[in-house]
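1. Sequence and predicted structure below; questions after.
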Amino acid sequence: MTASDSESTADRFGLSGAVIERTAGKAEMDPEELLGTLEIIHAELIGRHSNLEREREYVTVDGVRAYRVDEAVWDEFLGEFDFEGPAESATRYAHTEQAKLMFAASVEGDDNFDSDEEGVVIGIDTAEQF
């Protein structure tokens, strides 16, 4: 993955290229395979952000929304897919790491996630425009 690939990925998914690269390395996945998984997941998450927005704590940083969720949210969501190998855990890890970074960068958020909390990041500007 090149630096320009990392930047365009961050623009599409709300996940930084550095987080994606670290996650792929930890999961011993090909970065392109992880990108494909993240793209599939992101397309589904876009349609769910309004439910998350009503039910979960969130922060918005630079037009990207990060939600704090419990493990059961990811369990239920990923149960709808048939990912093989480390794709499922890598997806959860990348989203959680990015959400923690976003909560830490936000003046409103608390980045101290409990052990049973994970993050969901949606790379679209979901904030209302006034």
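-> It's in.
2. now for this structure, which residue lies nearest the mean position of the chain?
-> Centroid check for the chain by CA atoms, centre = their mean gives residue 95 as the closest residue, at 2.8 Å.
3. phi, psi of that one?
-> With angles defined as degrees, to the nearest 10, residue 95 sits at phi -60, psi -40.
4. Just confirm it contacts residue 122, I think it does.
-> No: counting by CB atoms under 8 Å, residue 95 sits too far from residue 122 to count as a contact (9.3 Å). Every residue, glycine included, has its C-beta placed from N, CA and C.
5. The closest residue to residue 81 other than its chain neighbours - how many residues pack around it?
-> Once flanking residues are discounted, residue 81 sits nearest to residue 40: 7.2 Å by CB to CB, 6 or more residues apart in numbering. Applying other CB atoms under 10 Å, we find 14 other residues in the vicinity of residue 40.
6. from memory residue 40 sits against residue 80, does it?
-> No: using CB under 8 Å, residue 40 makes no contact with residue 80, being 10.6 Å away.
7. elements contacting the helix or strand in which residue 98 is found?
-> According to DSSP states H and E, residue 98 maps onto helix 87-105. Judged by 3 or more CB pairs under 8 Å, 6 or more residues apart in numbering; DSSP states H and E, helix 87-105 is in contact with helix 17-27, helix 31-46, strand 57-61, strand 64-70, helix 71-78, strand 117-122.
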